[in-house]
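Participant: structure here, sequence nowhere to be found:
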Ligand SMILES: [Zn+2]
């Protein structure tokens, strides 16, 4: 490969679904912008995924990941030059004319892919906004009853934030053979996801059923019968937050709305803001991965889309939910805190366990036994 070899750019701009097809990877099913299935190297059922929009693949088990050339290396067991040649042909004997043509084609492919991704993002945001606009004020709605079942009684929290709304009958759609099918319809709590500039970028939906324990409806997949998550986001999440209060100098953030509201009820220090981070992936961002780094909690600062607190925040506290795998979750939250500290000099950060063990109030009062500041 020479410095002016056009093939890496050409390879990077290729449609990954086509590359996967050429590689004859078996058993992948299309789900939105992803293709999911068994790993061509280590098998399984659904551990392997390709994000067609971002042109990246990953295996959750054996750790294989990367772009188009990496995929060829991964599946064919080739070294980089051979994989590049497999994808784009030989560089030898390519005339300057053909080289320019290849470069132009690669640029066109990239522009087309970028435009497609932008259009899909815009479409999802439009649909999110439509759902949000169908919502009614959460105040004095069954959202109070749902929250009460999640330990947030109306008497303690009489005024619901305006970023929450109530939808009396929202459809829950799943994709079956590329068709959207309604798996459930029922009441839902809507939450606005706001981007760093405060603009609406997506809607978070929690379907609920006040007649069931914890208000959780049983939503089953129409084909497999698998129980589905009762929470879904539409539109963009990355970089965003559900702003349950106005911004403040101290920002307290849990992943879910319920955890964050629980923290809010536990104590309300002056100037503190309570925002839900929507997903761990958004709070953590990409992490540095590799041998021995799984639990290191080091951010990959190349990820420019993950959540970063607004300027003016002096302390950032991530509240760790009790219900997920504690060690991995903690390393993810640490990564997010360290990212924020790297990008907001002077910011102090902490991960606070909640609700078991330590009272959030101890953390806020900076009692030493409560939690360690993040180095
Ligand atoms: Zn694998």
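Facilitator: Arrived safely. Please read all numbers here as calculations on a predicted model, not as lab measurements.

Participant: give the burial count for the closest residue in space to residue 172 that isn't next to it in sequence, as a bare number.
Facilitator: Excluding the flanking residues, the one nearest residue 172 by Cβ to Cβ, 6 or more residues apart in numbering is residue 184, at 4.0 Å. Quick note: C-beta positions are derived from backbone N, CA and C, even for glycine. Neighbourhood size, residue 184 [other Cβ atoms under 10 Å]: 19.

Participant: can you say which helix or strand has residue 184 in it?
Facilitator: Secondary structure from DSSP states H and E places residue 184 in strand 179-194.

Participant: give me the distance from that strand to the chain's centre.
Facilitator: 17 Å (Cα atoms, centre = their mean, to the nearest Å).

Participant: after it, which helix or strand is next?
Facilitator: Counting by DSSP H and E, the next helix or strand C-terminal to strand 179-194 is strand 200-207.

Participant: and that following strand, which strands flank it?
Facilitator: strand 179-194 (antiparallel), strand 231-235 (antiparallel) (DSSP bridges).

Participant: and of those strands, who's closest to residue 122?
Facilitator: For those, proximity to residue 122 was assessed by Cβ to Cβ; strand 231-235 is nearest, at 9.6 Å.

Participant: buried ones in that closest one, by neighbour count?
Facilitator: For strand 231-235, burial by neighbour count (16 or more other Cβ atoms under 10 Å) applies to 231, 233, 234, 235.

Participant: so what are the domain limits for the chain?
Facilitator: Using automatic domain parsing, the domains assigned to the chain come out as 7-102, 133-364.

Participant: can you list the low-confidence ranges for the stretch 51-200 of the chain?
Facilitator: Along the stretch 51-200 of the chain, segments meeting pLDDT under 70 span 93.

Participant: where do the helices sit along it?
Facilitator: Ranges of helices within the stretch 51-200 of the chain are 68-76, 80-88, 96-134, 143-149, based on DSSP state H, counting those that start in this stretch.

Participant: now the second one against helix 96-134, angle please.
Facilitator: Spelled out, that is helix 80-88. Angle between the axes of helix 80-88 and helix 96-134 is 80 degrees (criterion: axes from the mean of the first three to the mean of the last three Cα atoms, to 10 degrees).

Participant: which strands or helices does helix 80-88 pack on?
Facilitator: Helix 80-88 is packed against helix 7-12, helix 68-76, with contacts defined by 3 or more Cβ pairs under 8 Å, 6 or more residues apart in numbering; DSSP states H and E.

Participant: which parts of the stretch 201-350 of the chain are helices?
Facilitator: 257-266, 280-284, 326-343.

Participant: quick one: which of those is nearest the ion?
Facilitator: Nearest to the ion, of all the helices of the stretch 201-350 of the chain, is helix 326-343, at 18.3 Å by Cβ to the ion.

Participant: what residues sit buried inside the closest one?
Facilitator: Neighbour-count burial for helix 326-343 [16+ other Cβ under 10 Å]: 329-341.

Participant: ok so, going back, so which of the helices and strands packed on helix 80-88 is nearest the ion?
Facilitator: Once those are compared by Cβ to the ion, helix 68-76 is nearest, at 8.4 Å.

Participant: kind regards, and thank you for your time.
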